[in-house]
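Enquirer: quick one: sequence and predicted model below, then my questions.
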Amino acid sequence: MSPERQTGNPAREIVSSPRVRRVVVKLGSGTVTDPGGGLRLSTIRALAAQLSNALAADGVSFVVVTSGAIAAGREKLGMTERPRTVSLKQAAAAVGQTSLMRAYERAFEKRGRHVAQLLLTHDDFESRERYVNARNTLLALLARGIVPIVNENDTVATEEIRLGDNDHLATLVTQMIGADLLILLTDSDGLQTKDPHRHRDARRIPVVENLDDASVLAAVGRRGSSAGTGGMASKLRAARVLSASGIPVVIASGLSRRSILDILGGRDTGTLILPRRTGKLRSRKMWIAYAMNAHGTILVDGGARKVLMEGGKSLLPAGVTGARGRFRPGDAVSIADRRGRVFARGIARWSSEQVDRGKGKRSAEVRTLLGPETPAEVVHRDDLTILPQSGTPESRKEAAPR
């Protein structure tokens, strides 16, 4: 791979080895499964060949986030359409997951590599202890040259604990292991100016510097795959999170036999979404912002918002104007201004009841009203992450910490 590396392209240099040492690769259902059902084994074999070559040539480590269990299960169960009920989805996933892992195992073993399976739900990211355990497991596997294959545990996930789609799962895994790059493989060769399935004059967008650019937003639409739950919009949500966290993202073709090698070789392949900040955000800050579900919202006045945004201070009760939802100390909460626009995420030290009783009070009043053991901070600065203002107010998937 190294002799094929191109130079002279500063944008592409940031995603070429040796700068990139740890990569997450995500394959969607439209890439890993055939339109008529069943696994696209040629894609899995090509992936194994590319990753094994990069491991051997440049020592790059990979985690694969894959869809395809439900689609593979449909074939085994004789389903002609995607299952709609939770029980049928979980049955298909349970049956299909074995076929999916067998395909990855065989493909990588032919290349002299071992794989490991990790099935995750949102609970594994919500709990800090489980989050750290999962991260340690992944890092231990990578240190031994093993390729982890990660999927959402559809057999037990309910709507309340679902991660939503594997683009979001890939984002969380990228943050979890401190990866240098996320590659999202799809059935097109990158972000297009128009829907390539409907417009023959569609053109690939090589580099995106600003995800809020009008041409980028106009190109996305709501295109998705009949086999999966994601689409180009969900990929750009993932890219928004990681870009603001200092991590580049490439959207490229999963049907090509060279996409990953070309990306790491600095070639003009797919769509590169540049990071908006230098340096990665601390893992714990990203965990607070994206891995935890908010149990409620704390409303603050303009003065408190300014102090939190500009001063890096803790949230004190004097600047709090109210609370929405019910939460306890230790729960994740959103922090919003008077108009309900969420601009931060944190871990509450007060319950929603305490917030209702102590809002707007000074420290001395709080101790008298709620007791001397009440923490001085409603949310401590070490447990608080500011979200970019470009994010959608109530969506943790569309905002990213800074």
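Expert: Perfect, I can see it now.
Enquirer: you'd agree Arg198 is in a strand?
Expert: No: membership of Arg198 in a strand is not supported by DSSP: H, G, I helix; E, B strand; the rest coil, which gives coil.
Enquirer: and for it, the neighbour number?
Expert: 9 (other CB atoms under 10 Å). Heads up, the C-betas are built off the backbone N, CA and C, glycines and all.
Enquirer: repeat for Gln354
Expert: When neighbours are counted by other CB under 10 Å, Gln354 comes out with 22.
Enquirer: cool, and Leu119?
Expert: 18.
Enquirer: that one touches Ile149, doesn't it?
Expert: No: with contact defined as CB atoms under 8 Å, Leu119 does not reach Ile149; the gap is 9.6 Å.
Enquirer: centroid residue for the protein?
Expert: Thr171 (1.7 Å; CA atoms, centre = their mean).
Enquirer: am I right that that residue is in contact with Ala238?
Expert: Yes: using CB under 8 Å, Thr171 is in contact with Ala238, at 4.4 Å.
Enquirer: hmm, back to that, ok, the residue nearest to the centre of the chain - contacts?
Expert: Taking CB atoms under 8 Å, 6 or more residues apart in numbering as the criterion, Thr171 is in contact with Leu182, Ala238, Val241, Leu242, Tyr290, Lys397.
Enquirer: rerun that using 6 Å as the cut-off
Expert: Listed by CB atoms under 6 Å, 6 or more residues apart in numbering, the contact set of Thr171 reads Ala238, Val241.
Enquirer: confidence score at it?
Expert: Thr171 is assigned a pLDDT of 92 by the prediction.
Enquirer: could you measure from it over to Leu120?
Expert: Using CB to CB, to the nearest Å, one gets 13 Å for the distance from Thr171 to Leu120.
Enquirer: over to Ile177?
Expert: With CB to CB as the criterion, Ile177 and Leu120 are 13 Å apart.
Enquirer: also Val208?
Expert: Following CB to CB, the distance that separates Val208 from Leu120 is 28 Å.
Enquirer: ok, Arg111 next?
Expert: Taking CB to CB, one finds Arg111 at 25 Å from Leu120.
Enquirer: pick out whichever of the two has more residues nearby.
Expert: Comparing Arg111 with Leu120 by other CB under 10 Å, the one with more neighbours is Leu120, at 21 against 16.
Enquirer: quick check: phi and psi at that one.
Expert: With angles defined as degrees, to the nearest 10, Leu120 sits at phi -120, psi 150.
Enquirer: so what's it scoring on pLDDT?
Expert: 91.
Enquirer: that one bridge partners, please.
Expert: On the basis of DSSP bridges, Leu120 is bridged to Glu152.
Enquirer: before we move on, the earlier item: can you list residues touching both of Thr171 and Ala238?
Expert: Counting by CB under 6 Å, 6+ apart, nothing touches both Thr171 and Ala238.
Enquirer: element containing Thr80, please.
Expert: In this assignment (DSSP states H and E), Thr80 forms part of neither any helix nor any strand.
Enquirer: typo on my end, Ser16
Expert: Ser16 belongs to no helix or strand, assigned by DSSP H and E.
Enquirer: now the closest residue to it other than its chain neighbours: how far from Leu272?
Expert: Leaving out its chain neighbours, the residue that sits closest to Ser16 by CB to CB, 6 or more residues apart in numbering is Gly266, at 3.7 Å. Here Gly266 is placed at a distance of 10 Å from Leu272 (CB to CB).
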